[in-house]
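A.B. asks: Give me a 3D structure for the following:
(one chain, ligands or ions: 1)
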Amino acid sequence: MRNKIYRLIAIIFIIAFFNCMLLENLYSIKKERLPIIDFKSIEKIDKIAEFSVTDESINEIKSYCEQNKIDFIDFFTSYMKYNNYEVDSVSYDYDNKYYNNVDNTKEIKQIYKIILSDIKYFPIPKNKKTNNHKYSYCNSWLAERTYGGERKHYGTDIIDCEDERGYFPVVSMTDGYVQKIGWLELGGWRVGIRAKHGGYFYYAHLDKYAKGIKEGSKIKAGEVIGYMGNSGYGKEGTCGKFVVHLHLGISLPLNEQMDDFWINPYWILRYIEDSKVTKKY
Ligand SMILES: [Zn+2]
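C.D. replies: Numbering: from 1, shown residues only. Below is the predicted model:
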């Protein structure tokens with residue numbers, strides 16, 4: 001009997017030990033994966049952050065790369081650099097001059113890799129039921145904001161046209177883990193997801209979180225993380241200071257302190273708008 005108990009204790013101890021090892025490993029992998037680059041020192045970084053490339057152009061570049069078996073991020077970086085980071089439409093006279101011009105763009109390539117490699121789904125899922133409840137969004141990058149002093153808008157607002165709190169589910173655009181969750185004066189109830197290549201995806205002004213979501217939770221792309229709301233601009237619980245919308249921000253990892261460096265999500269959202277998971281709501 002006593003032997004049995006000792007054996008049981010030993011087994012529990014071994015399982016607990018390996019669990020701890022596994023968790024430790026998971027966290028160290030996440031940390032190691034974050035590229036620590038001084039992005040701010042890159043020439044024309046503000047232009048890069050503006051991410052001024054139409055969804056049609058991204059799609060065209062992507063299919064060109066697939067047809068010609070060229071690395072998409074490589075080519076995309078060269079193409080953007082060659083065109084001064086402003087692409088309305090892609091011209092068809094492709095030339096190796098774009099592709100061969102990748103010198104000194106390691107960091108810029110890394111930026112595009114962080115932004116584009118992990119996104120899978122639009123943050124609002126398709127509704128299984130058909131109805132007319134619509135959302136809308138526009139390019140409001142660096143628009144003026146006044147709450148808490150004059151500042152700029154570093155994201156895209158997806159607005160519920162019916163202004164109904166808690167109606168639209170919000171899904172994660174990427175795989176990753178919940179790095180931050182909780183109340184922010186400006187962002188209200190927010191979830192911040194760190195994706196595999198280091199991008200930080202910030203979902204703000206939520207009405208509520210999805211059940212079971214907490215700091216450190218592993219998240220799959222397309223998983224519901226919360227519901228669209230109008231929380232924020234005050235002490236915890238403040239709601240209704242503006243229309244119901246999701247503020248989406250995408251940030252690069254800058255250094256170990258994880259300062260924010262925001263990228264305009266507008267064209268990225270347009271680019272993945274047809275990639276939606278289906279949910280019932
Ligand atoms: Zn916003």
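A.B. asks: host element of the residue in the stretch 101-250 of the chain that the ion sits nearest to?
C.D. replies: Closest residue of the stretch 101-250 of the chain to the ion, CB to the ion: H247 (3.4 Å). For glycine as for every other residue, the C-beta is placed from the backbone atoms N, C-alpha and C. Here H247 is covered by strand 245-251, with elements defined by DSSP states H and E.
A.B. asks: Convert the C-alpha atoms of that strand to PDB, please.
C.D. replies: C-alpha atoms of strand 245-251 as PDB (Å, rounded to 0.1, in the frame of the first residue of the first chain):
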ATOM      1  CA  HIS A 245     -16.400  49.900 -33.300                       C
ATOM      2  CA  LEU A 246     -13.400  47.800 -33.200                       C
ATOM      3  CA  HIS A 247     -10.100  49.700 -33.100                       C
ATOM      4  CA  LEU A 248      -7.500  47.400 -34.800                       C
ATOM      5  CA  GLY A 249      -3.800  48.200 -34.300                       C
ATOM      6  CA  ILE A 250      -0.800  46.300 -35.700                       C
ATOM      7  CA  SER A 251       2.500  47.000 -34.000                       C
END
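A.B. asks: Could you spell out the sheet neighbours of the helix or strand just after that strand, each with its direction?
C.D. replies: Next along the chain after strand 245-251, taking DSSP H and E as the criterion, comes strand 262-263. If you go by DSSP bridges, strand 262-263 pairs up with strand 245-251 (antiparallel).
A.B. asks: for the protein, which spans come out with low pLDDT?
C.D. replies: Low-confidence segments of the chain, defined by pLDDT under 70: 1-6, 8-37, 92-104, 254-259.
A.B. asks: Need the nearest residue in space to the residue nearest the centre of it, chain neighbours excluded.
C.D. replies: Geometric centre of the chain, nearest residue: F201, 3.0 Å, by CA atoms, centre = their mean. Distances taken as CB to CB, 6 or more residues apart in numbering place I193 nearest to F201, at 4.6 Å, with adjacent residues excluded.
A.B. asks: you'd agree the one you found is in a strand?
C.D. replies: Yes: assessed by DSSP: H, G, I helix; E, B strand; the rest coil, I193 belongs to a strand.
A.B. asks: what are the bridge partners for it, then?
C.D. replies: In beta-bridge terms (that is, DSSP bridges), I193 pairs with V178, F201.
A.B. asks: surely it meets T174?
C.D. replies: Yes: I193 is in contact with T174 according to CB atoms under 8 Å; the separation is 6.5 Å.
A.B. asks: The two - which one has more neighbours?
C.D. replies: I193 (26 against 21; other CB atoms under 10 Å).
A.B. asks: ok, that one - contacts?
C.D. replies: Neighbouring residues of I193 by CB atoms under 8 Å, 6 or more residues apart in numbering: S172, T174, G176, Y177, V178, Q179, Y200, F201, Y203, I219, I225.
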